[in-house]
Each structure stands twice: as structure tokens, then as C-alpha cells.
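K.L.:
build me a structure from this.
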Amino acid sequence: MPKVSQQYLDARRNQILDAAKRCFLRDGFHETSMQDLLAETGLSAGAVYRYFSSKEDMVLAIAEQSMREVTAMIHSFAAAPRGKGLGDALGNVLDVLQRKHAQD
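P.N.:
Numbers count the residues shown, from 1 in each chain. Down below sits the predicted model:
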């Protein structure tokens with residue numbers, strides 16, 4: 001069996017998470033079934049379950065991904081030589097998050 005690269009595995013995982021986000025935003029968490037998620041990804045059940053054992057695992061992964069993005073934004077704003085305080089930096093983060101989620 002040929003070995004797949006980590007880049008391929010990461011891309012597949014992100015594909016699944018992106019599909020889960022679309023389903024959850026469109027239909028809500030409780031109204032989204034695993035069958036809905038499978039249809040949205042276009043992957044087999046085995047391919048999806050290789051990465052996530054449940055919808056709850058997907059939600060946790062999405063939350064972790066979002067928190068990493070927020071942390072990275074806070075670090076970038078804190079490192080920028082703007083002369084503004086932490087409140088301004090956090091306000092900028094919230095603005096970015098609001099625009100990001102309006103696009104999803």
C-alpha cells in the first residue's frame with residue numbers, strides 16, 4: 001500500500017472540516033447528520049471516520065482551529081509597532097473574526 005504524505009492527510013482533514021463548517025452554518029449542528037456530512041464531503045464513511053469518530057470531534061477540531069487562528073492574530077497585532085494598547089488589538093481581532101465568519 002503506498003504511503004500518503006502528511007500534506008495529503010492534512011488537506012483531506014481540512015476538506016472534511018470545511019464541509020462540516022458549511023453544513024453546521026447552513027443547517028445547524030443538531031440538524032446535521034453524519035450522512036449530511038458525508039454527502040457534503042463527497043467522501044466515503046471510512047475516509048471521514050479515519051479522521052473523526054463523530055460530529056462532536058469535528059466541532060472540537062473546528063473550535064481548536066479557530067482558537068489557533070485567534071491566537072495567531074493576537075500575536076501579530078501585539079507584535080506590530082502601532083503604539084496602541086491591548087484593547088485596540090483585541091478590537092481588531094474581533095473585527096477580523098466578524099468579517100471572516102460573515103464570509104463563511
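K.L.:
what segments of this structure are helices?
P.N.:
Secondary structure of the chain (DSSP state H): helices at 6-27, 34-41, 45-51, 55-79, 86-103.
K.L.:
elements contacting the second one?
P.N.:
For helix 34-41, the elements it packs on are helix 6-27, helix 45-51, helix 55-79, judged by 3 or more C-beta pairs under 8 Å, 6 or more residues apart in numbering; DSSP states H and E. Quick note: C-beta positions are derived from backbone N, CA and C, even for glycine.
K.L.:
output these as a markdown table; include the columns mean neighbour count.
P.N.:
Converted to a markdown table, those look like this (neighbours: other C-beta atoms under 10 Å):
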| stretch | mean neighbour count |
| --- | --- |
| helix 6-27 | 15 |
| helix 45-51 | 14 |
| helix 55-79 | 14 |
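K.L.:
in CSV, list these along with distance to G87 and mean pLDDT.
P.N.:
Putting the helices and strands packed on helix 34-41 into CSV (distance: least, C-beta to C-beta, whole Å; pLDDT from 0 to 100) gives the following:
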stretch, distance to G87, mean pLDDT
helix 6-27, 29, 94
helix 45-51, 38, 95
helix 55-79, 11, 86
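K.L.:
can you list these in a markdown table and add distance to Q98?
P.N.:
Formatted as a markdown table, the helices and strands packed on helix 34-41 follow (distance: least, C-beta to C-beta, whole Å):
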| stretch | distance to Q98 |
| --- | --- |
| helix 6-27 | 14 |
| helix 45-51 | 29 |
| helix 55-79 | 12 |
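K.L.:
A102: which of those helices is closest?
P.N.:
Counting by C-beta to C-beta, A102 lies closest to helix 6-27 out of the helices and strands packed on helix 34-41; the figure is 10.9 Å.
K.L.:
packing partners of the closest one?
P.N.:
Other elements packing on helix 6-27 under the criterion 3+ C-beta pairs under 8 Å, 6+ apart are helix 34-41, helix 45-51, helix 55-79.
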